[in-house]
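Asks: Any chance you could fold what I've pasted below:
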Amino acid sequence: MLIRSVIEKYQLKHMVRYLCEVASVSRSGYYNYFSAKSQEQRKKKDQKDEIAKEIILKAFHFKGRKKGARQIKMTLAGQFQVVFNLKRIRRIMKKFAIICPIRKANPYRRMMKATQEHRVVPNLLNRKFKQNIPGKVLLTDITYLYYGKGQKAYLSTIKDGSTNEILAYHVSDRITMDLATDTLLKLKKNRNFKRAKDAMIHSDQGTHYTHPDFQKLVKKLTLCQSMSRRGNCWDNAPQESFFGHFKDEASIKKCTSLEELKREIKHYMTYYNHYRYQWNLKKMTPVQYRDHLLRAA
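Replies: Here you go, the predicted structure:
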């Protein structure tokens, strides 16, 4: 019996040595991994990770909007006064399968052909989106929204290029001309919007923006008008980026009516402007960054 036990120990030792060589692991490291001290350390680390997970989940679900690692970091600091580095947040998210929305590539939408009465204007903006002056660069566009059981609506927005703040928006179940003009009228009614000197509104060459009614209203608001080059979505990239984030983060597919959709969009716009921290805005929200620029002026 004693001889058999010695043989088994020898075989086990030989097998461990062989497997460590195959796995390129030292035998001391192998035995240390299974030591009582090492197991206790791993247990303590798991307990700390569980606590960190609960804190991260608070930021992840803050205002009912799922977020990525950068958003979580900024929300933790801005709303909960907790500082975690990105590496730790990403490790915890991976460990506990906390998955953030991943933006899908948005295929280029074919533009509607303008009639002869419509007028295309030059690209005056030339991708100079960030001018650090609130109310100077206004970006506008229209996107479609599918919700409920195959229902379709349209969202028109005007975004401040310097602060990323959504200054005005309009929702409709029809893609008529007033989708764009009503958005301009809502911009006019926005008390927080202060038009800067030489302010311009930039869009693509869609029918809504080349239409005489829209262009007349732009002039009435004393704005310059600029348009992207034909077929070049990069000329209005920040606006396209907003639509991408919006469709990932807003719960539009769950809405069963146009009124419900409008309420969800209203809630999201408040969240986006006042609570959604952005890395390229010095980790501030759009409204915070707007106030920051105005104080610095």
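Asks: quick one: the residue nearest to residue 212 when sequence neighbours are not counted from residue 199, how far?
Replies: Leaving aside its sequence neighbours, residue 212 sits nearest to residue 117 (C-beta to C-beta, 6 or more residues apart in numbering; 6.4 Å). In short, each C-beta sits where N, CA and C put it, glycine included. Residue 117 is 26 Å from residue 199, where distance means C-beta to C-beta, to the nearest Å.
Asks: quick one, which of the two is more surrounded?
Replies: Of the pair residue 117 and residue 199, residue 199 is the one with more neighbours under other C-beta atoms under 10 Å, namely 18 against 8.
Asks: That one touches residue 218, doesn't it?
Replies: No: using C-beta atoms under 8 Å, residue 199 makes no contact with residue 218, being 10.4 Å away.
Asks: quick check: mean pLDDT across stretch 208-227?
Replies: Stretch 208-227 carries an average pLDDT of 95.
Asks: same question, stretch 259-274
Replies: 97.
Asks: Now find how far off-centre that stretch is within its chain.
Replies: Relative to its parent chain, stretch 259-274 has a centroid offset of 15 Å by C-alpha atoms, centre = their mean, to the nearest Å.
Asks: Next: stretch 69-82.
Replies: 15 Å.
Asks: Mind listing what's buried along it?
Replies: Within stretch 69-82, the residues that qualify as buried are 69, 70, 71, 72, 73, 74, 75, 76, 78, counting by 16 or more other C-beta atoms under 10 Å.
Asks: Among those, which are located in helices?
Replies: Among these, the ones falling in helices (DSSP state H) are 69, 70, 71, 72, 73, 74, 75, 76, 78.
Asks: Look up how far residue 36 lies from residue 210.
Replies: 75 Å.
Asks: Apologies, that question was intended for residue 93.
Replies: 30 Å.
Asks: Of the two, give the one with the bigger neighbour count.
Replies: A count of neighbours by other C-beta under 10 Å puts residue 93 above the other of residue 93 and residue 36, at 19 against 7.
Asks: what sits against the residue lying closest to that one once chain neighbours are set aside?
Replies: The shortest distance from residue 93 to any non-neighbouring residue, by C-beta to C-beta, 6+ apart, is to residue 69 (6.3 Å). By C-beta atoms under 8 Å, 6 or more residues apart in numbering, the contact set of residue 69 is 86, 89, 90, 93, 100.
Asks: Ok, residue 95 next?
Replies: By C-beta under 8 Å, 6+ apart, the neighbours of residue 95 are 49, 53.
Asks: Which elements pack onto the helix or strand hosting residue 43?
Replies: Assigned by DSSP states H and E, residue 43 belongs to helix 36-60. If you count contacts as 3 or more C-beta pairs under 8 Å, 6 or more residues apart in numbering; DSSP states H and E, helix 36-60 packs onto helix 69-80, helix 86-95.
Asks: For residue 212, what are phi and psi?
Replies: Backbone geometry at residue 212, expressed as degrees, to the nearest 10, gives phi -60, psi -40.
Asks: I figured it hits residue 118, correct?
Replies: Yes: Residue 212 lies in contact with residue 118 (C-beta under 8 Å); the separation is 7.4 Å.
Asks: For the two, indicate the residue with more neighbours.
Replies: The residue with more neighbours, out of residue 212 and residue 118, is residue 118; 18 against 11, by other C-beta under 10 Å.
Asks: which non-adjacent residue is nearest that one?
Replies: Of all residues not flanking residue 118 in the chain, residue 210 sits nearest, at 3.6 Å (C-beta to C-beta, 6+ apart).
Asks: Now stretch 251-271: buried residues?
Replies: Buried residues in stretch 251-271, counted by 16+ other C-beta under 10 Å: 252, 255, 261, 262, 264, 265, 268, 269, 271.
Asks: Of these, which is the nearest to residue 125?
Replies: Nearest to residue 125, judged by C-beta to C-beta, of those is residue 269 at 23.4 Å.
Asks: excluding its backbone neighbours, what's nearest that closest one?
Replies: In space, residue 269 is closest to residue 166, 5.4 Å off (C-beta to C-beta, 6+ apart).
Asks: The one you found: neighbour count?
Replies: Around residue 166 there are 19 residues (other C-beta under 10 Å).
Asks: gap between the nearest residue to residue 68 once chain neighbours are set aside and residue 65?
Replies: For residue 68, ignoring the flanking residues on the chain, the nearest one in space by C-beta to C-beta, 6+ apart is residue 100 at 4.1 Å. Between residue 100 and residue 65 the computed distance is 10 Å (C-beta to C-beta).
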